[in-house]
Each structure stands twice: as structure tokens, then as C-alpha cells.
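Predicted model follows, preceded by the sequence.
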Amino acid sequence: MFLRSTVLLISLLVSPWLDAYSLSVEVLTKKDSKLVNAVVYLTSEQPLPPKSDNSVAHMDQINSQFVPHILVVQRDTLVDFPNSDSIKHHVYSFSPAKTFELQLYKDQQPEAVAFDKEGRVEMGCNVHDWMLGYIYVVDTPYFGKTDENGRITLDVPAGEYTVHVRNPRIKDDESTLVQKVNLTSNQNITFKLKKKLLPSLELYEESDEFSTYE
Amino acid sequence: MIRALIALLVLPTITNAVEVTGLIQGNWVNGDDLTSYQNHGTGVTRYDDNGFNLGQAFINVKQDIGKEFSFHSIINYYQDGEQNLGFTQLALTYKPLTSSKTKFRARAGFFYPEISLENVDEGWLSPYTYTNSAINSWIGEELRTPGIEASLISPGRARGSAWSWKLHAALYKANDPFGSLLAWRGWALHDRQSLNNDRVNIAFYPTVISPDVINGPAYVEPFHELDGNIGVYFGLHADYYQSTNFRYYFYDNRADATKVNDEGLYAWHTIFHSFSFQHKFNKNTRIISQFMFGSTLMGERFVAIDFRSNFVMLSHKVKKSRFSIRYDNFNVVDTGDIFPEDFNDSDGYAVTAAWRYDFNKNWQVGFEYHLNRNTALNRATVNENISVDQRQSMFVAQYRWR
């Protein structure tokens, strides 16, 4: 009798999570072009599963650039900063979500940094002034970045969610970058930005092989 | 207590890491017959004899001191020249971490202004040709900043702009003989940078060494302080992304041209303007150009010249090969001094073509052909033809550790 009621209780608790659906999110600019690398994440009034793994995320330094340019992690994730270049980097952030600085020498790996506060962390390098990278810290296990088609698909349990979109180029007020969804089946939603994007400046990613010497 | 002691001992080695890299470059040269200025001849290339040479050898030491200071030095060995072991750069840099979009940097020591877009490899070498342009050959042999430089840096990316800019201003001493080489030897083309206490030879021009005329030595020691005056330079860099770069420098060593030391080395009051430009058409192809003009004055108008030079270089990379070709043009004009028998006029042009092949990140081989045609009136005073063609070819092997 005890065993049966326990099984019933567990199945009642777990059942909402068993019905997983696909939520496909598309992000379009004011001019209807697809926005690549937009951060998309879901929050909810209902309790979300706690952070389940202790995996470490990576923000590499390759050819004097942050790789990836934009990283999204769940709150309390450890991020390490490998240095794939043969020269030193000095990574820093003054962002309220995480203020830190790390000197990255060749063949040395400093301890990973814990990102324990939600928000956007903008990073630079005090040696190479053109380097710029972002870590978005979100308080949810449901997140990702849009692909080259400006789209991301998240598989999440049925329920009510708020969908958020972020990107350093977006000028729209953050309060307008939310949509509520009640996920009871597979669903597609689209975000259409109202304001023109900031310039992409992606040409800065084309580092010169001789930029680093004086 | 013990833990605190261990932390004190270990921490500096972790946080203040030393980076040591180095480079060695050997070559086989088929040199020109005209004796080089290095051996008191009137030739304007580096080598005389055919054969093997150690072209470059240096150790690059970088040491962080805390988070905002760093020390940097290039210690060189040259088999040729008058000083064989020394340093070409030695400087302390201060660059504080700041949340401001405009950053500050200061340097103190013995270093190059960032005038050149050609000498952008480690140790101020050119990654394009082995023989530097006339302009940067001269900067390498006579110009250094023994002093301090303050810079404001505005990286465009952090401001959301495609344009970045830098402003530099420097105060220095000990660059007083700067200009002498152009006045007598004229422009030269080579890759031997002067060491900290170096001496650069010139031919035994009768008017230079004669007690009745200049009464100086047949050499220059570039890094002397003779008059106590403080020199200045200002630089402005503007970069469009990392694909197009402009640099302008104004230099004035503010020397008192009447000052002379026991060796007969004069202070030369030298002023120049330099414009550098680089544009990358794509990842593999770029054009680099520089234009410099200025003047120098020595003594009670013992020597007075205007000088000018420019170069255009195209460089193209195909897989592991880099091909570069450069055209240099240069002249020196006597602007009327009190010794008409001391000829200072010279001019010429040069073509330098190089191929460099990277086997891997350590080994590189290459070949360079250099031709220059130049005229120097004072060759007549040492019974030589005033106009010469000089040819030099070299095979080079380079090993770099990093």
C-alpha cells in the first residue's frame, strides 16, 4: 500500500515534466533579416529543475579574439578561460554581474570563474584593445543562441513560460523583449525588433596576424 | 604563518609570469662589390663578402609586475657592427585596467615610437622583406626614445564604432646625433638595428674628418646626450577595423646644433613628419606605404639638409608562402651650408622582392633580391663614381621559439 502510494505521488509530481514540447523561437530584425547569435532563454513562475550538472563552460582566446563571441550559461556555472594563443591575454570585466580580471599566460590555466549573478558580462583584454566578448548569465536551464537562420528550438516540458531575447546589438527596451507562452504543444514564436540594430562590427573579428607586435 | 610565507614566495611566480621568446636568423648572402658603410665604404647595404652571416639573434623577455606594469626587453647579438651584444629595446609599460572607453598607457625606457607599419614582427623585424625600407632602416639605426611616452587609446569596438584611435606624446633625451647618417652616408637599406651603445661607421670623407672643415669622426654614435635639451614627438593613429591603418608622427629632437663633444660628435637639430598607411584588401593581400620628410641642421650651419623618402610595398600570402615587393625612393638635398666642399646631396631608388615560407610555427626559410641605384655627390671626394648600382641576394633560414 505504501509502495503504491509512493509511486502515485512520484508520477503525479513528475508527470508535468514528462510531456516535453518543442518551442521554436525566431528573431527578426526591424528589416526582417534573421538575427544570428541572439540569446534566448525561458523563465517561469512554476519551479524549474535545479542546475543538474557541474560541467564547466569555456571562453577560449583564439587569434586574439574571444571564442565564442557570446556565451550563455546558467547561473552558478563555472567558466574557464583557456588561452589557445602563444601570447599573453589579460581578460577583464567591470560589469555589475561579474567584475573580474585574469592574466592568461601561455601554458598556464587559471582556476575557472563562477558566474553567480544574472546579467550581461562584457569582457575586454587589457593587452589587445580590440577584443570584446560577452557572457550572458541566466537563471534557467532553458537557454541557447539563434543559429544562422535566426532560429533556436528548445525542448521543454509543458507549462507557462516567459521567453526573453538578448543581444549586445539590440537597442529595443528589454521590457519589450519578452513573450509569454503556454506550452501545451509544439509551438513557433517570432520576435520582431522595433529598433534598428547597432552596427555588427564583425570585421573586428578579422585579426591581423601581425597586430600583436610592436 | 608558514602558509602566509609560502603564499608570499609562490604568488609572485604565478602572477608575475615571465615570457621568454627568441629568434635566430642565418643567411647566405651574395653581396655587392661596393664596400658597405659598416666597413667605412660608401655602399648603402649591410653586407660586403659573399658567405654565411648571422643576420638576427635576439631574446625577447616580458615580465609582468603586478597587474598594470610590465617590463619588456629585446636583447640582441649582431656579428657585424661595432657593438655586438646589447639591447635594442628596454622599457617599462604602465597600462591601468579601467572601465573607461578611453585607455591610458605610459612607457619609460629605451623604445621605438610606433611609427612603422612595416616592422611589426617581434624584435621590430619586418615580416615582409629582410631588408627594411630606407625610412625604417634609418629609424632602426638612429632613432630610439630614451625617455617617456604617454598614450590615450580609444578602441572603437568598445564604443560601437568601426574607427579606433590612439594619441601619443613623448619626451626624451639622448637622441642628439640623429640625422648625421643621412647628411653624409645618405639613406641606406638594411636590417641591422643599432644597439643601446652602438656606433655606426661612415666612409672617411675628407671634409668630415679634416680639421679644417667638420673635424668629426668617421662614425656616428646615435644615442648620445650632448645639449641637455628635451626632445618631443607626437603621434596619431586612426584604424578602420583592423583592415586600414593611418599613422602620423611629428618629431623634433630640439637639439642645440652648436653643441659638440670631445669626439667631435655634434648635436643635430632634426625635425620630420611621417605618414604611414596600410590597407588589407583581404586576408592575404595588403599594401603598406610610408612617406617621410624633414630637415636637419648641424653646427653654425656647418651642415643643413632637407630629406625625403617614401616606399610602397605589396605583400601577398599564398598558403605558407608570403611574397612581398617594395619600391623605395629617397633623397637628401643640401640647403646651403657654410662648407660648399662638404657635399650632402644624394638620391636613389630601390626594389626589394622577398619570398618567405613557413614550414611550421618555428621554422621559416626565404629568399630576397635587392637592387638599388643611388647617387651621392660626396663619393667624388673619396675618388669613387658618384652613381652606383648595388645588388644583393640572400637565402635565409629562421628559427623562432615561443
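Structure received.

Tell me the secondary structure at residue 188.
If you meant another chain, say so; for now it's chain A. strand (DSSP: H, G, I helix; E, B strand; the rest coil).

Look up the residues forming beta bridges with it.
Beta-bridge pairing of residue A:188 under DSSP bridges involves residue A:24.

pLDDT at it, what is it?
If you check residue A:188, the pLDDT there is 95.

Run a quick neighbour tally on it.
Residue A:188 has 11 neighbours, counted by other C-beta atoms under 10 Å in any protein chain shown. Using the backbone N, CA and C atoms, a C-beta is placed for each residue, glycine as well.

Quick check, it in contact with residue A:26.
Yes: Residue A:188 is within contact range of residue A:26, at 7.1 Å (criterion: C-beta atoms under 8 Å).

Can you name the residues bridging to the residue positioned nearest the centre of chain A?
Compute the mean C-alpha point of chain A, and by C-alpha atoms, centre = their mean the closest residue is residue A:72, 1.9 Å away. On the basis of DSSP bridges, residue A:72 is bridged to residue A:136.

mind checking pLDDT for it?
With respect to pLDDT, residue A:72 scores 97.

how close does it get to residue A:163?
Distance of residue A:72 to residue A:163, computed by C-beta to C-beta, to the nearest Å: 14 Å.

okay, and the common contacts of these two?
Listed as contacting both residue A:72 and residue A:163 by C-beta atoms under 8 Å, 6 or more residues apart in numbering or on different chains are residue A:41.

just to revisit the earlier point, residues shared between the contacts of residue A:188 and residue A:26?
Counting by C-beta under 8 Å, 6+ apart, nothing touches both residue A:188 and residue A:26.

Which residues are in contact with residue A:165?
A:25, A:27, A:38-40, A:177, A:191.

surely the residue nearest to the centre of chain A meets residue A:145?
Yes: in this structure residue A:72 lies within contact range of residue A:145 using C-beta under 8 Å: 6.2 Å.

joint contacts of those two?
Each of residue A:39 lies in contact with both residue A:72 and residue A:145 under the rule C-beta under 8 Å, 6+ apart.

need the contact list for the residue sitting nearest the centre point of chain B.
Closest residue to the average C-alpha location of chain B: residue B:140 at 2.1 Å, with C-alpha atoms, centre = their mean. Taking C-beta under 8 Å, 6+ apart, we find residue B:140 in contact with B:119, B:124, B:132, B:191-194.

Which members of those residues occur in strands, if any?
When DSSP state E defines the strands, the subset of the contacts of residue B:140 inside them is empty.

Which ones among the residues you listed also lie next to chain A?
residue B:124 (C-beta under 8 Å from any C-beta of the partner chain).

What about the contacts of residue B:140, which are in helices?
Among the contacts of residue B:140, no member is found in helices (DSSP state H).

Any regions of chain A where pLDDT drops low?
Residue ranges of chain A with pLDDT under 70: A:1-18, A:211-214.

Show me the beta-bridge partners of the closest residue to residue B:389 other than its chain neighbours.
In this structure, residue B:389 finds its nearest non-sequential neighbour in residue B:373, 5.1 Å apart by C-beta to C-beta, 6 or more residues apart in numbering or on different chains. Note on residue B:373: beta-bridge partners by DSSP bridges are residue B:349, residue B:389.

Residue B:373 contacts residue B:388, correct?
Yes: the criterion here is C-beta under 8 Å, and residue B:373 meets it with residue B:388 at 7.4 Å.

Can you tell me the number of residues neighbouring residue B:165?
By other C-beta under 10 Å, the residues close to residue B:165 number 16.

Now name the helix or strand holding it.
Assessed by DSSP states H and E, residue B:165 sits inside strand B:163-172.
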